[in-house]
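J.: Sequence and predicted structure are below.
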Amino acid sequence: MISRGVRRAAALVGATAALALAAGTGPAQAVSARPATAQSRVPALNPGEVGTLRIGEAGLPSHIKIGQTITMTVWFDQNSRYLFDIGGYETGVWSPYYPGSDGKGMTVSYLSPVTNRWENSPAAAYGNFWFSPESAVYVRPNYWGHIKVRITFTAHARLGTWYVSPGGFSYMLTKKVNGAEVPGTLDIPSGPWPGYKITVQR
């Protein structure tokens with residue numbers, strides 16, 4: 001097992017996080033398509049950064065009804081010289097008006113890029129829903145990868161404003177599949193904060 005630090009876009013928590021997820025290694029998995037939306041700013045790198053991670057999303061409506069399921073596609077690419085070795089994904093779902101209700105009344109699942117099956121995600125603290133695939137997912141530099149996420153606001157979800165914050169990754173950089181970790185991190189340009197707004201109605 002290889003421990004990877006979780007790196008998140010500012011759309012998720014406003015800064016890079018430092019939690020830990022564990023994931024194994026396995027055959028390379030990657031998908032290619034053109035993102036519907038993506039962050040385009042390419043800032044100067046800070047010390048220790050070896051590239052920039054861009055994140056976008058498609059499929060989130062501005063209004064939904066209780067009981068509705070939405071499917072979001074999260075796009076990402078990075079421009080370092082190394083493989084993007086993904087051990088886990090994370091999506092934040094929270095409400096600013098109902099403290100303590102983060103993640104309650106909803107279910108989240110991910111379409112596994114390894115098995116191509118929908119896998120349910122447990123709710124972690126603060127409404128962060130994570131998923132670790134059966135083996136690591138490798139995406140080569142300057143290559144748009146994606147993962148699909150389903151979110152259902154059940155009859156027990158609160159009405160009103162919610163925010164969805166995609167783009168959490170547990171990752172490391174390697175020179176080859178199953179290779180050793182390369183020192184360095186990726187710069188993550190700020191995304192929409194506090195996230196993508198959704199209004200839940202009856």
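T.: Great, that's in hand. Numbers count the residues shown, from 1 in each chain.

J.: Just give me the residue closest to the centre of the protein.
T.: residue 167 (2.9 Å; CA atoms, centre = their mean).

J.: my guess is that one contacts residue 76, does it?
T.: Yes: contact criterion CB atoms under 8 Å: residue 167 and residue 76 qualify, at 7.2 Å. Yep, even glycine has a C-beta here, placed from its N, CA and C like the rest.

J.: tell me, what's touching the two both at once?
T.: residue 55 (CB atoms under 8 Å, 6 or more residues apart in numbering).

J.: residues contacting residue 151?
T.: 69, 70, 72, 91, 93, 106, 107, 108, 164 are the contacts of residue 151 under CB under 8 Å, 6+ apart.

J.: Setting the sequence-adjacent residues aside, check what's closest to the fifth one.
T.: Beyond its immediate neighbours in the sequence, the residue positioned closest to residue 93 (CB to CB, 6 or more residues apart in numbering) is residue 127, lying 4.9 Å away.

J.: What's the separation between that neighbour and residue 169?
T.: 17 Å (CB to CB, to the nearest Å).

J.: who's more crowded, those two?
T.: residue 169 (29 against 21; other CB atoms under 10 Å).

J.: For the more buried one, list each beta-bridge partner.
T.: Beta-bridge partners recorded for residue 169 (DSSP bridges): residue 7, residue 89.

J.: unless I'm mixing things up, it is touching residue 86, no?
T.: Yes: between residue 169 and residue 86 there is a contact under CB under 8 Å: 5.9 Å.
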